[in-house]
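Please find the sequence and the predicted model below.
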Amino acid sequence: MPLPSYTLGVMEASAYAPEVFARGLPSGPRPEQSFEDVAKPAGAVAGDASALLSLQGISLSFGGVVALADIDLSVRQGEIRAIIGPNGAGKSSLINVISGVYRPDRGHVRLDGTSYAQVPTQRLAHLGVARTFQNLALFKGLSVLDNVASGLAYKVRSNFAGQVLGIGRSRGEQRDSRSRAEQILEFLHLTAIRDRLVGTLPYGLQKRVELARALVAEPRLLLLDEPMAGMTASEKSEMASFVRAARDRFATTAVLIEHDVGVVMGLSDRIAVLDYGRKIADATPDEVRNDQRVIDAYLGVASDNEDGAGI
């Protein structure tokens, strides 16, 4: 008997957990540790008391090459926080530290009052964190609906037999997951393509499906790694509107890396600028735009590129 597509999605997501959404990430230090090993008392990190996320003294190197050097960063509840900088500035490394893929050489991450030497990747969803990636990590052979529902795989408690036969607890889990997925599809204007195979969709729509899968788990903190890369101007505008709407409707706090400076300036509440692994600015969009250090290190290279694409 063929397995239901929902069951296939849960099985595939579970098979890759906790790395299911980490495909396409660069390799780096990932020592195996338990939750108890990486969690430390909240008092170990000082910072903005109103912050949902705080980084203090984050340093990371690879084979003697410094990726991050003594980075402090705070993200307040409900804000859209951007991280920008030239290629190789350390932006993705910082996101990977926040999501537990990398353990920093020094420093701590405080998330919702708990401090970590390394955020436990296997508990990200339970901690209220979701993320998207530079390289799409969708299940191309599954429908849009099943891809989005797979973002709730961490909540599945039914056994394999129950999932295959659709009995017991599995029936309620499937119903709840699909109901939540349908709500997010409607929110992101994807209902009309809910039954399409993701692999048949244009790139811009696939990026929106990945955002839907991240949002379906109702994260408090959403990490967006170049969510608009490769999109047209109109697609970028739509995606920016959806990110802003997610913040307003679901009280989702967002941290994003994005190369399109025009989009970043219009979308973000505050912007941190990295250069060679160091933070050279951290302020409002207007302040960053007029910061001479930022102009020299980053914005200046966009003088002949009006929308900032490709920076």
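Thanks, I have it.

what about the residue nearest to L68 when sequence neighbours are not counted, is that helix, strand or coil?
Spatial nearest neighbour of L68, excluding adjacent residues (CB to CB, 6 or more residues apart in numbering): L60 at 4.3 Å. Backbone N, C-alpha and C define where each C-beta goes, glycine included. Under the three-state scheme (DSSP: H, G, I helix; E, B strand; the rest coil), L60 adopts strand.

Next, work out how far apart L60 and N96 are.
Distance from L60 to N96, counting by CB to CB, to the nearest Å: 9 Å.

who touches both of those two?
Here L60 and N96 have Y102 as joint contacts, going by CB atoms under 8 Å, 6 or more residues apart in numbering.

more neighbours, these two?
Each of L60 and N96 has its neighbours counted (other CB atoms under 10 Å); N96 has more, 27 against 24.

helix or strand for the more buried one, which one?
Secondary structure from DSSP states H and E places N96 in helix 91-98.

so for that helix, what's the average pLDDT?
Averaged across helix 91-98, the pLDDT comes to 94.

now what about that helix, what contacts it?
For helix 91-98, the external contacting residues (CB under 8 Å, 6+ apart) are 25-26, 28, 53, 55, 58, 60, 67-68, 71, 73, 83-85, 102-104, 109, 119, 131, 134, 223, 225, 255, 257, 274, 277.

Using PDB, write out every CA atom in that helix.
Below are the C-alpha coordinates for helix 91-98, written out as PDB (Å, rounded to 0.1, in the frame of the first residue of the first chain):
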ATOM      1  CA  LYS A  91      27.300  37.100   8.100                       C
ATOM      2  CA  SER A  92      26.400  33.500   7.500                       C
ATOM      3  CA  SER A  93      28.800  32.400  10.100                       C
ATOM      4  CA  LEU A  94      27.000  34.500  12.600                       C
ATOM      5  CA  ILE A  95      23.600  33.000  11.600                       C
ATOM      6  CA  ASN A  96      25.100  29.600  11.900                       C
ATOM      7  CA  VAL A  97      26.300  30.400  15.500                       C
ATOM      8  CA  ILE A  98      22.800  31.600  16.400                       C
END
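
Filter the contacts of helix 91-98 down to the ones in strands?
Taking DSSP state E, the ones among the contacts of helix 91-98 that sit in strands are 53, 55, 58, 60, 67-68, 71, 73, 83-84, 109, 131, 223, 225, 255, 257, 274.

Can you select the buried ones among the residues you listed for me in PyMOL?
Once 16 or more other CB atoms under 10 Å is used to decide burial, the buried members of those can be selected in PyMOL as follows:
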select buried, resi 53+55+58+60+67+68+71+73+83+84+109+131+223+225+255+257+274
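
Check which residues of the helix holding N96 are buried.
K91, S92, S93, L94, I95, N96, V97, I98.

now do stretch 54-66
Taking 16+ other CB under 10 Å as the basis for neighbour counts, the residues of stretch 54-66 that come out buried are S54, L55, Q56, I58, S59, L60, S61.

so for it, what's the average pLDDT?
Stretch 54-66 shows a mean pLDDT of 94 in the predicted model.

How many residues are close by D105?
As a burial measure, D105 scores 14 neighbours (other CB under 10 Å).

typed the wrong thing, it's L221
For L221, the count of nearby residues is 23 (other CB under 10 Å).

quick one: pLDDT of it?
Predicted confidence (pLDDT) for L221: 96.

Then D112?
On pLDDT, D112 comes in at 88.

Can you tell me the closest non-neighbouring residue to it?
Taking CB to CB, 6+ apart, and ignoring the residues beside it in sequence, D112 has L52 as its nearest neighbour in space, at 6.0 Å.

Now do the contacts for the one you found.
V75, R76, Q77, L111, D112, R220, L221, T253.

Give me the buried entries from those.
Judged by neighbour count, with 16+ other CB under 10 Å as the criterion, the buried members of those are V75, L111, R220, L221, T253.

In strands only, show me the residues you listed.
V75, L111, L221, T253.

you'd agree the third one is up against L111?
Spelled out, it's L221. Yes. Counting by CB atoms under 8 Å, a contact exists between L221 and L111, whose distance comes to 7.3 Å.

any shared contact partners between the two?
When CB under 8 Å, 6+ apart defines a contact, the residues bordering L221 and L111 alike are L52, L53, V129.

what separates the second one from Y116, distance-wise?
The span separating L53 from Y116 equals 11 Å under the rule CB to CB.

Please enumerate the helices of the stretch 151-300 of the chain.
When assigned using DSSP state H, counting those that start in this stretch, the helices of the stretch 151-300 of the chain occupy the ranges 160-165, 169-187, 203-215, 233-250, 261-267, 285-289, 292-297.

now for the shortest one, which elements pack on it?
In other words, helix 285-289. helix 261-267, strand 270-275 (3 or more CB pairs under 8 Å, 6 or more residues apart in numbering; DSSP states H and E).

Turn these into a markdown table, including mean pLDDT and distance to A212.
Converted to a markdown table, the helices and strands packed on helix 285-289 look like this (pLDDT from 0 to 100; distance: least, CB to CB, whole Å):
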| stretch | mean pLDDT | distance to A212 |
| --- | --- | --- |
| helix 261-267 | 93 | 18 |
| strand 270-275 | 96 | 26 |
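
Cool, thanks, talk later.
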